[in-house]
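Novice: sequence first, predicted coordinates after that:
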Amino acid sequence: MRKIKFAIGEYYHLYNRGVDKRIIFTDHAEYNRFLACIYALNNIEYRLDRMETRSMWEAKPPQKPMVAIGAYCLMPNHFHLYVTPLVEGGVSKFMQRVTTAYTMFFNEKHERSGALFQGTFKAEHVATEEYARYLFSYIHLNPAKLHDSRWKECGVKNFQLMRTYLHTYPYSSMKEYISSKHIIIRPEHFPAYLRTRKDINDHLNDWFTYKM
């Protein structure tokens with residue numbers, strides 16, 4: 001994959017999976033730990049070692065964030081982030097902090113050593129509005145496969161149940177958009193075409209009927 005030069009004012013899809021496609025989130029505490037990492041470590045002046053004593057809910061909001069996060073989703077063996085850098089070098093430093101901190105936590109908990117993720121994180125430049133709209137849905141629809149593994153091939157059988165599942169999935173930014181309680185995400189740094197609950201539901205409904 002070609003190397004991307006991250007530029008302030010541009011948008012990027014960041015993602016990675018466990019080495020050998022292994023599970024990287026085995027329980028609720030591990031999901032929450034990764035969320036704590038992407039929240040608390042998104043601060044130029046934050047020290048990595050403080051992650052040992054702070055959770056996302058104990059940490060103060062980042063005073064000097066390195067990136068703004070527009071969407072995120074954690075799945076059992078991978079994660080997705082939609083970001084824009086706020087400082088030079090912000091994306092790379094942010095991701096290095098997050099993956100290092102989480103790997104240290106995971107390895108200590110499971111008494112293992114070595115790499116947890118499949119190399120360095122992957123990145124794609126979000127260069128068009130069409131791709132940005134697609135990416136928003138793609139990230140938030142990822143948990144649909146946990147609810148119904150064959151929804152892409154067979155279609156959504158019950159739209160209401162699927163919407164409810166996606167709205168309440170605890171490890172994606174969907175719940176922040178639906179509730180308008182923004183903790184990790186900073187929508188003000190991203191295009192404003194999906195703001196209201198109706199906007200989001202209409203957009204997801206379009207994708208429910210499209211084979212991604």
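Specialist: Thanks, I have the structure now.

Novice: centroid residue for this protein?
Specialist: Centroid-nearest residue in the chain, with Cα atoms, centre = their mean: residue 72, separated by 2.2 Å.

Novice: give me the residues contacting the longest helix belonging to the chain.
Specialist: Determined from DSSP state H, the single longest helix within the chain is helix 90-110. By Cβ atoms under 8 Å, 6 or more residues apart in numbering, the residues outside helix 90-110 that reach it are 6, 8, 12, 14, 16, 24, 30, 33-34, 37-38, 41-42, 46, 48, 51, 65-67, 83, 85, 112-117, 120-121, 123. Just so you know, the C-beta spots here come from the backbone N, C-alpha and C atoms, and that holds for glycine as well.

Novice: now do stretch 67-75
Specialist: Applying Cβ under 8 Å, 6+ apart, the contact partners of stretch 67-75 are 11, 25, 31, 34-35, 38, 42, 79-86, 90-91, 94, 135-136, 139-140, 142-143, 146, 169, 171-174, 184-190.

Novice: what residues does residue 62 make contact with?
Specialist: 39, 40, 42, 43, 46.

Novice: swap the cut-off to 10 Å and go again
Specialist: By Cβ atoms under 10 Å, 6 or more residues apart in numbering, residue 62 lies in contact with 39, 40, 41, 42, 43, 44, 45, 46, 86, 184, 186.

Novice: kindly report the same for residue 146.
Specialist: By Cβ under 10 Å, 6+ apart, the contact list for residue 146 reads 75, 76, 165, 169.

Novice: what's the most distant pair in the residues you listed?
Specialist: For the contacts of residue 146, the farthest-apart pair by Cβ to Cβ is 76 and 165; their separation is 15.4 Å.

Novice: can you list the weak-confidence ranges in this protein?
Specialist: Under the criterion pLDDT under 70, the flagged ranges of the chain are 1-2, 47-59, 194-195, 209-212.

Novice: the domain parsing of it - what is it?
Specialist: 11-124, 128-179+191-208 (automatic domain parsing).

Novice: deepest of the ones you listed, which one?
Specialist: domain 11-124 (a mean of 17; mean count of other Cβ atoms under 10 Å).

Novice: ranges for the helices of the protein?
Specialist: Going by DSSP H, the chain shows helices at 28-40, 90-110, 129-141, 144-147, 151-154, 159-168, 174-179, 197-208.

Novice: rebuild those as a markdown table, extending it with distance to residue 60.
Specialist: Output for the helices of the chain, formatted as a markdown table (distance: least, Cβ to Cβ, whole Å):
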| stretch | distance to residue 60 |
| --- | --- |
| helix 28-40 | 8 |
| helix 90-110 | 16 |
| helix 129-141 | 27 |
| helix 144-147 | 33 |
| helix 151-154 | 40 |
| helix 159-168 | 27 |
| helix 174-179 | 18 |
| helix 197-208 | 29 |
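
Novice: wait, which of those is closest to residue 20?
Specialist: Per Cβ to Cβ, nearest to residue 20 of these: helix 90-110, 14.4 Å.
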